[in-house]
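no FASTA, just this:
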């Protein structure tokens, strides 16, 4: 995925987006909030620099979290599409399963395993009972880059 663009969209295709370049890291989150938002055992995501992400059609709306962390949804089908932080982080967390091509995007990191369903498993290489600290991400991103 180094020099390619991946496209994706919501379930109804009214909102489309693209990510360019490689992800910083791929993740699965087991937190109760993500499980409720996805109606699944965990949420899969691809973390990318904000400059590598673009909404190419439609206009997403804020739902879920409405504070410094904001979840964005399609206003029609209500698919949870991506998350942005307003705390100075220039990152976007895109829902992996909304990409048209998910090849090679298996989760490298899983978070909030303390809240995971007992039967839920992922192929993640790194696991955290909570969320990694900001200091952990440098090492994790470097290790993910090496594996690619």
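Happy to help now that I have it. What you are looking at is a predicted structure, and each value in this text was computed from that prediction instead of being measured.

And stretch 61-74, end to end?
One end of stretch 61-74 to the other measures 6 Å (Cα to Cα, to the nearest Å).

Return the distance of that stretch from the chain's centre.
13 Å (Cα atoms, centre = their mean, to the nearest Å).

now swap in stretch 29-45 and tell me
On Cα atoms, centre = their mean, the centre of stretch 29-45 falls 11 Å from that of its chain.

quick one: average pLDDT of that stretch?
On average, the pLDDT along stretch 29-45 is 92.

Show me what counts as buried in that stretch.
29-31, 34-35, 37-38, 42-45 (16 or more other Cβ atoms under 10 Å). Placement of C-beta: from N, CA and C, glycine included.

end to end, how far does it reach?
8 Å.

that older thread, can I get the buried residues of stretch 29-45 in CSV with distance to residue 59 and secondary structure?
CSV is the format used below for those (distance: Cβ to Cβ, whole Å; DSSP: H, G, I helix; E, B strand; the rest coil):
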residue, distance to residue 59, secondary structure
29, 26, strand
30, 31, coil
31, 27, coil
34, 24, helix
35, 27, helix
37, 20, helix
38, 22, helix
42, 28, coil
43, 23, strand
44, 24, strand
45, 21, strand
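
from these, which is closest to residue 102?
residue 44 (8.4 Å; Cβ to Cβ).

Could I get the contacting residues of that closest one?
For residue 44, the contacting residues are 26-28, 95-97, 105, 107, by Cβ atoms under 8 Å, 6 or more residues apart in numbering.

most centrally placed residue in this protein?
In the chain, the C-alpha nearest the mean C-alpha coordinate belongs to residue 45, at 2.4 Å (Cα atoms, centre = their mean).

Pretty sure it sits against residue 93.
Yes: between residue 45 and residue 93 there is a contact under Cβ atoms under 8 Å: 4.7 Å.

that older thread, the residue nearest to the centre of the chain bridge partners, please.
residue 27, residue 95 (DSSP bridges).

remind me, longest helix of this protein?
helix 134-147 (DSSP state H).

show me the contacts for residue 107.
Counting by Cβ under 8 Å, 6+ apart, residue 107 has contacts 26-28, 44, 96, 122-124.

in which helix or strand would I find it?
Here residue 107 is covered by no helix or strand, with elements defined by DSSP states H and E.

Let's see the pLDDT reported for it.
Value for residue 107, per-residue pLDDT: 97.
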